[in-house]
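>>> the sequence isn't on hand, but the structure is:
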Ligand code: ADP
């Protein structure tokens, strides 16, 4: 049974067609620079040459049309009719308190996603555009929304409330929501399988370290705390985002540099993190790592701060769960950088973490990277949000 997974950004549409029975990716690709000049369509069918085209796409509806045409194209296609697609799973960033699990999309759900867009305007509206474009082309195919925030809805009140007047929560639902939930859930599940344990017996700390980065305490299979907040700005130091900061810094810089709140938020979202701390070396971790290896003091400063913040959160979450059985690394940096994993684990000997340096040399592969004596295991798990979305979608439509 084939499930189409759609992940829409403001100017991109990523897709995968997955056979949920074999979990094989039949085709994957991306529509890039939608609504901008030089838009591009990449379509990679398993075992075939990649189609890579410069093709005009004025909006997400155009991209959907091109994608669906290619899926059924006699030469490049992988299915003979769109009826072979059993359902479409859409990634939706913010589900607020309304969605603690994935849901079949209907008019009420579309309205609720629109309402949640107040909390993540760019993301949710882009996700919604993808849903509407898809519904237009495939009106009879069931669609499921899978939310980045849903996995974290199990957090207890003491973890999700901010120390501000409670009336702001009551009036506006200002609280920590957390993101990357699909990834954290997938990695926690895979870790339990690798450790041959029931997830209900485990206390895990999942470090999703990509361009956006977050860390989650997963106790007995449930998220009990996570580093991102009302928005994906809180928590770890990221590619261009600051992570945690004293809000008074905004007032101070605003006063000194005559910037308004909107400009200051742009600084925190777009010119901070690794990019800002390295004095402009790069937001891309690979550039930072290359400069670090050459002894560049800007890159050393940025990388040290990045690692320190992760180690500090691991300590906090081990305390929050009164222990930890395993620490998991995932996403672009977590899956690939032996250097970051080693430098973070150097902070964790007090927990009884002992890295096996040879095993740590792997990239993008599931592996336990601690020695047999290590009290707390450290594992590398390549994330697979698309597969998780396909599984959730399949589960929802079989409940129909
Ligand atoms: P996002 O989905 O948030 O864009 P990713 O999970 O794709 O993020 O991670 C992107 C980050 O991973 C970038 O900083 C990139 O430099 C880093 N990365 C990707 N591949 C490697 C690699 N082989 N070694 C080290 N870092 C890598």
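Okay, I see it. Here the structure is a predicted model, which means the values were calculated and not measured. Numbers count the residues shown, from 1 in each chain.
>>> tell me the residue of the stretch 301-400 of the chain that sits nearest the ligand?
Taking C-beta to the nearest ligand atom, the ligand has its nearest neighbour within the stretch 301-400 of the chain at residue 332, 2.1 Å off. All C-beta spots, glycine's among them, are computed from the backbone N, C-alpha and C.
>>> and the strands in the stretch 301-400 of the chain?
Counting by DSSP state E, counting those that start in this stretch, one finds strands in the stretch 301-400 of the chain at the ranges 326-330, 367-368, 377-380.
>>> show me what the second one is packed up against.
This means strand 367-368. strand 377-380 (3 or more C-beta pairs under 8 Å, 6 or more residues apart in numbering; DSSP states H and E).
>>> go ahead and confirm the residue of the stretch 301-400 of the chain closest to the ligand touches residue 210.
Yes - between residue 332 and residue 210 there is a contact at 4.3 Å, judged by C-beta atoms under 8 Å.
>>> give me every residue in the stretch 251-400 of the chain lying close to the ligand.
Within the stretch 251-400 of the chain, the positions adjacent to the ligand are 284-286, 289, 331-333, 336-337 by C-beta under 6 Å from any ligand atom.
>>> put the buried members of those residues into a ChimeraX selection.
Filtering these down to the buried ones (16 or more other C-beta atoms under 10 Å) takes a single ChimeraX command:
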select :284,285,289,331,332,333,336,337
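>>> assign a three-state SS to residue 43, would you?
Secondary structure, DSSP: H, G, I helix; E, B strand; the rest coil: residue 43 is strand.
>>> the residue lying closest to residue 51 once chain neighbours are set aside bridge partners, please.
Leaving aside its sequence neighbours, residue 51 sits nearest to residue 43 (C-beta to C-beta, 6 or more residues apart in numbering; 4.1 Å). Taking DSSP bridges, one obtains residue 29, residue 51 as the residues bridged to residue 43.
>>> any idea how far residue 43 lies from the ligand?
Distance from residue 43 to the ligand, counting by C-beta to the nearest ligand atom, to the nearest Å: 20 Å.
>>> quick one: pLDDT of that residue?
Listed pLDDT for residue 43 reads 97.
>>> for residue 214, what are its contacts?
Residue 214 is in contact with 178-180, 184, 208, 226-228, 232, 235-236, counting by C-beta atoms under 8 Å, 6 or more residues apart in numbering.
>>> let's have those in TSV, adding neighbour count and pLDDT.
Compiled in TSV, those are given as follows (neighbours: other C-beta atoms under 10 Å; pLDDT from 0 to 100):
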residue	neighbour count	pLDDT
178	28	97
179	28	96
180	30	96
184	30	98
208	30	98
226	30	98
227	26	98
228	28	97
232	24	92
235	24	98
236	23	98
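>>> of these, which belong to helices?
Judged by DSSP state H, the subset of these located in helices is residue 184.
>>> which among the contacts of residue 214 are in contact with the ligand?
Here nothing survives when the contacts of residue 214 are matched to the ligand using C-beta under 6 Å from any ligand atom.
>>> and of the contacts of residue 214, the nearest to residue 273?
Nearest to residue 273 among these: residue 236, at 8.9 Å, using C-beta to C-beta.
>>> what are the neighbouring residues in contact with the closest one?
Residues near residue 236 by C-beta under 8 Å, 6+ apart: 209, 213-215, 227, 243, 306, 309-310, 313.
>>> what sits against the closest residue to it other than its chain neighbours?
Residue nearest to residue 236 in three dimensions, not counting chain neighbours: residue 213, with 4.3 Å by C-beta to C-beta, 6+ apart. Residues in contact with residue 213, defined by C-beta under 8 Å, 6+ apart, are 207, 235-238, 243, 310, 331, 333.
>>> and residue 213, what pLDDT?
pLDDT, residue 213: 97.
>>> cool, residue 58 as well?
Looking at residue 58, its pLDDT is 91.
>>> tell me the secondary structure at it.
Classification of residue 58 by three-state DSSP places it in coil.
>>> what is the lowest-mean-pLDDT helix or strand in the chain packed up against?
Using mean pLDDT, DSSP states H and E, helix 121-137 stands out as the lowest-scoring helix or strand of the chain, at a mean of 89. Here helix 121-137 touches strand 2-8, helix 60-71, strand 85-92, helix 107-116, strand 143-147, going by 3+ C-beta pairs under 8 Å, 6+ apart.
>>> just so I know, which of those lies nearest the ligand?
Of all the helices and strands packed on helix 121-137, strand 2-8 comes closest under C-beta to the nearest ligand atom, at 9.9 Å.
>>> centre of the chain to the closest one, how far?
16 Å (C-alpha atoms, centre = their mean, to the nearest Å).
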